[in-house]
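Asks: the following block contains a protein sequence and its predicted model.
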Amino acid sequence: DSFKNDQQYVLYFFKRMLYEWEDELERRDNEEKRTIKGKMDSATQKQCRQFIKPLFKLLKKKEVPQDVFKHILTIVVKCEERNYKKANEAYMMLAIGNAAWPMGVTMVGIHERAGRSKIFSQNVAHVLNDETQRKYIQSIKRLVSFCKQKYPPT
């Protein structure tokens with residue numbers, strides 16, 4: 001409630017998750033840190049921190065596209081409520097949207113399916129648009145997974 005706006009709230013939540021994840025990794029004993037899994041976990045956290053930075057800049061400037069921000073805010077709110085099923089639903093809407101995807105083989109004959117042209121015209125998944133966006137959306141998923149592990153649903 002002490003946040004000036006929703007962008008600040010989202011920024012705080014993700015930064016807090018990053019710090020908690022880093023702290024958890026730091027508190028492991030040296031033997032665990034040296035294992036392959038230990039090194040991979042540390043590398044994943046570092047990569048996540050690096051990939052989410054562009055989102056932090058957009059949040060500070062309030063320049064996250066509104067359709068994207070709506071889903072990110074839902075993810076954060078649902079994580080705070082420990083409702084990870086709804087958080088994951090919001091993540092899926094963010095990552096792939098509700099675009100119709102053809103199932104199986106799309107071109108079986110010489111004629112194109114009637115609805116085929118509608119598949120890519122609207123509801124295009126944000127994740128496919130731009131590499132930077134794909135990376136921070138992936139980082140959001142990793143932070144949601146960490147949050148679920150650290151704060152299990154009640």
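Replies: Nice, thanks for sending it over.
Asks: and the longest helix for this structure?
Replies: Criterion DSSP state H: the longest helix present in the chain is helix 36-61.
Asks: and the gap between residue 78 and residue 21?
Replies: 19 Å (C-beta to C-beta, to the nearest Å). Using the backbone N, CA and C atoms, a C-beta is placed for each residue, glycine as well.
Asks: can you pull out the helices in the chain?
Replies: Under DSSP H, the chain gives helices at 6-26, 30-34, 36-61, 66-80, 84-95, 131-150.
Asks: a markdown table for those, including mean neighbour count and mean pLDDT?
Replies: As requested, these are arranged in a markdown table below (neighbours: other C-beta atoms under 10 Å; pLDDT from 0 to 100):
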| stretch | mean neighbour count | mean pLDDT |
| --- | --- | --- |
| helix 6-26 | 17 | 97 |
| helix 30-34 | 10 | 94 |
| helix 36-61 | 15 | 96 |
| helix 66-80 | 18 | 95 |
| helix 84-95 | 18 | 94 |
| helix 131-150 | 18 | 95 |
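Asks: wait, residue 95 sits on residue 136?
Replies: No: using C-beta atoms under 8 Å, residue 95 is not in contact with residue 136; the gap is 11.1 Å.
Asks: please name the residues that touch the residue nearest to residue 39 when sequence neighbours are not counted.
Replies: Nearest residue to residue 39 in three dimensions, chain neighbours excluded: residue 33, at 7.4 Å (C-beta to C-beta, 6 or more residues apart in numbering). Contacts for residue 33 were tallied using C-beta atoms under 8 Å, 6 or more residues apart in numbering; they are 25, 39, 42.
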